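1. take this sequence and fold it.
(one chain, ligands or ions: 2)
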Amino acid sequence: MSESQGGDSPPVIDGAFARWLAGRAGQLLMEVRAEVGHDDPAALKAAGDKRAHDFLMSELARLRPADAVLSEEQQDARGVLAGGGTRLDAARVWIIDPVDGTREFSEEGRADWAVHVALWSADCHHPSRLAAGAVALPAQHRVIATDHPPAYPPLPVASATGGRLRLAASRSRPPAFLSALAEEIDAELVPMGSAGAKIAAVISGEVDAYVHAGGQYEWDSAAPVAVATATGLHASRVDGSALEYNGADPRLPDLVVCRKDLAPRLLSALRGHLRVP
Ligand SMILES: Nc1ncnc2c1ncn2[C@@H]1O[C@H](COP(=O)(O)O)[C@@H](OP(=O)(O)O)[C@H]1O
Ligand SMILES: [Mg+2]
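-> Ligands and ions are numbered 1, 2, ... in the order given. A predicted model of the protein is given here:
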């Protein structure tokens, strides 16, 4: 059931639970799209955000009551949890983005938007401490998750035949240096919405890498980074340092996700574009 929406009853194992939760929120978002329509994009965005957020929050409260949650709508690290303490004292924190690629969600025909559900655990040995994660891509009819990580991506045809690399980039806010970087490594830019959809495109081998800088938050990348890492891909800050989650400040402004073979070349090229303090 690795690409399915999950079964009917909520799974006990966290990775399968993340898949179940993200898949169900995705189904709700498809219903919202059908009900509200695309005539008023702002109304559709607001309705989708609310329906998916309310569903994720109520299911997490019902099925994982002892865990904390970090989401776009609930990011205050100092907010006291039901059992006492704050998110920063919690052993387990769900990092969720009810709709990633909100703009694309509101645009008719676009499939580059996602639901993100990740679990940060103080006990996890990986530097990111992401113990589980799922990315639902409802309009692509798939959910990818850490319980059954997707296979390591094949070389995209262009790369395998010596053609240009393909770099996924934000449609609206690509890093200022990206065009120069792409030229330097002979890559073409592939504009796409949603961090989750872009990382899913790296995982499937549709593109070679996703590079972002200039602003983003933990919920934009936690779930897809959990899946990419479980798949065996490289995921780091653009300076090569580790991605860390559940910080007091949820800003996590940059990242690069790519195949392991490409990481040294991409990080070396990126170094030339980073401002050294
Ligand atoms: N410069 C920036 N500052 C803050 N958030 C940014 C950003 N660039 C991208 N993001 C966020 O990262 C996600 C993917 O962006 P993009 O589609 O442009 O690649 C979006 O999340 P949301 O859709 O959840 O708001 C977007 O808001
Ligand atoms: Mg987002």
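
2. what residues does the stretch 101-250 of the chain have near ligand 1?
-> 101-102, 170-173, 193-195, 214-216, 220 (Cβ under 6 Å from any ligand atom). C-beta here means a position set from N, CA and C on the backbone, and glycine is covered the same way.

3. could you single out the nearest of those to ligand 1?
-> residue 215 (2.4 Å; Cβ to the nearest ligand atom).

4. which parts of this protein are helices?
-> Counting by DSSP state H, one finds helices in the chain at the ranges 14-36, 41-63, 102-105, 157-160, 178-184, 195-204, 218-231, 263-271.

5. selection in PyMOL covering whichever of the residues of the stretch 101-250 of the chain next to ligand 1 are buried, please.
-> Here is the PyMOL command that selects the buried residues among these (16 or more other Cβ atoms under 10 Å):
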select buried, resi 101+102+170+171+193+194+195+216+220
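
6. how far is the helix or strand bottoming out on mean pLDDT in the chain from where the chain is centred?
-> Using mean pLDDT, DSSP states H and E, the weakest-scoring helix or strand in the chain turns out to be helix 157-160, at a mean of 72. Centroid separation for helix 157-160 versus its chain: 25 Å, with Cα atoms, centre = their mean, to the nearest Å.

7. as CSV, could you dump the C-alpha coordinates of that helix?
-> Output of helix 157-160 as CSV, limited to C-alpha atoms (Å, rounded to 0.1, in the frame of the first residue of the first chain):
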residue,chain,number,x,y,z
VAL,A,157,16.7,10.6,-19.0
ALA,A,158,18.4,13.9,-19.8
SER,A,159,21.0,13.4,-17.1
ALA,A,160,21.6,9.8,-18.0
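
8. number the chain from 35, please
-> Got it, the first residue is 35 from now on, which makes the last one we talked about helix 191-194.

9. wait, doesn't residue 174 sit right on residue 145?
-> Yes. Counting by Cβ atoms under 8 Å, residue 174 touches residue 145, with 4.9 Å between them.

10. which stretches of the stretch 135-284 of the chain have low pLDDT?
-> Applying pLDDT under 70 to the stretch 135-284 of the chain flags no residue at all.

11. the same query, at a cut-off of 80, please.
-> The model of the stretch 135-284 of the chain has pLDDT under 80 over residues 190-196.

12. residue in it nearest to ligand 2?
-> residue 254 (3.9 Å; Cβ to the ion).

13. quick one, what contacts that residue?
-> Going by Cβ atoms under 8 Å, 6 or more residues apart in numbering, residue 254 touches 131, 134, 150, 229, 230, 286.

14. ligand 2 contacts on this structure?
-> Contact residues, the chain versus ligand 2 (Cβ under 5 Å from the ion): 131, 134, 254.

15. adding distance to residue 110, write the residues you listed out as CSV.
-> Below are the residues of the chain next to ligand 2 laid out as CSV (distance: Cβ to Cβ, whole Å):
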residue, distance to residue 110
131, 16
134, 20
254, 18
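
16. which among these gets closest to residue 125?
-> Nearest to residue 125 among the residues of the chain next to ligand 2: residue 131, at 21.7 Å, using Cβ to Cβ.

17. for that closest one, name its beta-bridge partners.
-> residue 150 (DSSP bridges).

18. ranges for the strands of the stretch 85-234 of the chain?
-> Ranges of strands in the stretch 85-234 of the chain, per DSSP state E, counting those that start in this stretch, are 102-105, 126-134, 148-155, 164-171, 176-179, 199-204, 221-226.
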